[in-house]
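Peer 1: coordinates only, no sequence provided:
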Ligand SMILES: [Zn+2]
Ligand SMILES: [Zn+2]
């Protein structure tokens with residue numbers, strides 16, 4: 001099953017060039033995942049549920065891993 005490498009939502013068409021969920025252009029080769037992760041987390045920005053593996057929020061389209069990277073340098077108390 002194909003999944004978007006950014007938001008990890010399932011993709012129905014493997015010829016797709018733009019993810020319909022997060023609207024990122026799929027310039028990198030699309031990951032062919034054996035399974036889609038089921039765990040979810042809340043987006044730090046819009047508080048909607050996104051897949052835990054997702055690098056980008058499919059709702060507000062912000063990069064989640066950038067925040068995590070930054071947060072590690074600042075203060076972990078704000079994340080809880
Ligand atoms: Zn996506
Ligand atoms: Zn969001």
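Peer 2: Arrived safely. Source: prediction; values computed, not measured. Numbers count the residues shown, from 1 in each chain. Ligands and ions are numbered 1, 2, ... in the order given.

Peer 1: contacts only, for residue 62.
Peer 2: 43, 45, 46, 56 (Cβ atoms under 8 Å, 6 or more residues apart in numbering). Any C-beta I mention is one placed from the backbone N, CA and C, and that applies to glycine too.

Peer 1: so which bits of this structure are right by ligand 2?
Peer 2: Residues of the chain lying close to ligand 2 (Cβ under 5 Å from the ion) are 43, 45, 46, 57, 59, 60.

Peer 1: confidence score at residue 73?
Peer 2: On pLDDT, residue 73 comes in at 66.

Peer 1: and for the closest residue in space to residue 18 that isn't next to it in sequence, the neighbour number?
Peer 2: Nearest residue to residue 18 in three dimensions, chain neighbours excluded: residue 25, at 5.2 Å (Cβ to Cβ, 6 or more residues apart in numbering). Other residues lying near residue 25 total 10 when counted by other Cβ atoms under 10 Å.

Peer 1: now do residue 16
Peer 2: By the criterion of other Cβ under 10 Å, residue 16 has 14 neighbours.

Peer 1: that one sits in which helix or strand?
Peer 2: Here residue 16, judged by DSSP states H and E, is contained in no helix and no strand.

Peer 1: if I read this right, it contacts residue 26, doesn't it?
Peer 2: Yes: look at residue 16 against residue 26 with Cβ atoms under 8 Å: they come within range, at 6.7 Å.

Peer 1: enumerate the residues of the chain near ligand 1.
Peer 2: Proximity of the chain to ligand 1, by Cβ under 5 Å from the ion, involves residues 4, 6, 7, 19, 21, 22.

Peer 1: 8 Å instead, please
Peer 2: By Cβ under 8 Å from the ion, the residues of the chain that approach ligand 1 are 4-9, 11, 19-24, 26, 54, 56, 58.

Peer 1: now restrict those residues to buried residues only.
Peer 2: With burial judged by 16 or more other Cβ atoms under 10 Å, the buried subset of those is 4-9, 11, 19, 21-22, 24, 26, 54, 56, 58.
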